[in-house]
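>>> have a look at this fold, sequence not included:
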């Protein structure tokens, strides 16, 4: 695998469930051995729908998701990440749109992921390494991009509703980002304004067909977040010192 592929693989780890070298995980009793299924099959039915009563078209789903994202300023939440092998990790997510995000994994996982507006930095404090990739080459672009045009860019593939939630499936039409991402919103009232929704998490299917689920909880929006949270320098990682990782 070349350097670019390695960077992109690392940048995708926060969505696809890849674990750092020394990051212990809480594994389920049985490891999934069957071939991974497509996200459309794994999501609650109906995920792929037509514009029937109580449902939503891909175009309307794209517009609703875009309106919510454009209205988002800052967000802080707990995240629980379930990988394709049923292993679990968790941590704190902070978003400052546009362009900035931070995934701070709980101890003892040594990984920190920081998007600073142009690049995504992936730090492993155990290995004392830090790699970077452009935000536009990672799924974070769907959450952080300043000027969104989801429907016009052909990004939204499907949209559907199920038990008070809106599911919007995204795919890069240019193929720069491998796989599919399905954003999940709590959206109890389809007639309410988009700002009544809340991002509940997402599902991804990577290039190899492995599916990862991320669930958000304890969500706060409009919170004050220090700009320093979205800066990660090489010296922050060298020596295995995790003070920077914890924002101290």
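All right, it came through fine. All of these numbers come straight from a predicted model, not from anything done at the bench. Numbering: from 1, shown residues only.
>>> tell me where the protein has helices.
3-16, 39-42, 58-71, 141-144, 234-237 (DSSP state H).
>>> I'd like the average pLDDT over the third one.
Put plainly, it is helix 58-71. In this model, helix 58-71 has an average pLDDT of 91.
>>> in it, what counts as buried?
58, 60, 61, 62, 63, 64, 65, 66, 68, 69 (16 or more other C-beta atoms under 10 Å). Heads up, the C-betas are built off the backbone N, CA and C, glycines and all.
>>> next up, the contacts around the closest residue to residue 151 other than its chain neighbours.
Leaving aside its sequence neighbours, residue 151 sits nearest to residue 62 (C-beta to C-beta, 6 or more residues apart in numbering; 3.8 Å). For residue 62, the contacting residues are 150, 151, 155, 156, 159, 168, by C-beta atoms under 8 Å, 6 or more residues apart in numbering.
>>> give the bridge partners for the fifth one, please.
This means residue 159. Beta bridges link residue 159 to residue 168, judged by DSSP bridges.
>>> relative to residue 142, how far out is the spatially closest residue to residue 125 that is not a sequence neighbour?
Distances taken as C-beta to C-beta, 6+ apart place residue 110 nearest to residue 125, at 4.2 Å, with adjacent residues excluded. Separation of residue 110 from residue 142 (C-beta to C-beta, to the nearest Å): 27 Å.
>>> do residue 225 as well
Counting by C-beta to C-beta, the gap from residue 225 to residue 142 is 20 Å.
>>> kindly report the same for residue 212.
Following C-beta to C-beta, the distance that separates residue 212 from residue 142 is 15 Å.
>>> more neighbours: those two, which one.
residue 212 (26 against 22; other C-beta atoms under 10 Å).
>>> right, and residue 144 touches residue 99 too?
Yes. Between residue 144 and residue 99 there is a contact under C-beta atoms under 8 Å: 5.2 Å.
>>> the more surrounded of those two?
The neighbour count for residue 144 versus residue 99, taken as other C-beta under 10 Å, is higher for residue 144 (23 against 19).
>>> do you know the pLDDT at that one?
On the pLDDT scale, residue 144 gets 90.
>>> repeat for residue 12
So residue 12 comes in at 51 (pLDDT).
>>> please apply the same query to residue 103.
94.
>>> before we move on, what about residue 208?
So, for residue 208, pLDDT stands at 81.
>>> tell me, how many residues neighbour the residue lying closest to residue 217 once chain neighbours are set aside?
Distance criterion C-beta to C-beta, 6+ apart; nearest residue to residue 217, sequence neighbours excluded, is residue 78 at 4.8 Å. The burial count assigned to residue 78 is 14, neighbours taken as other C-beta under 10 Å.
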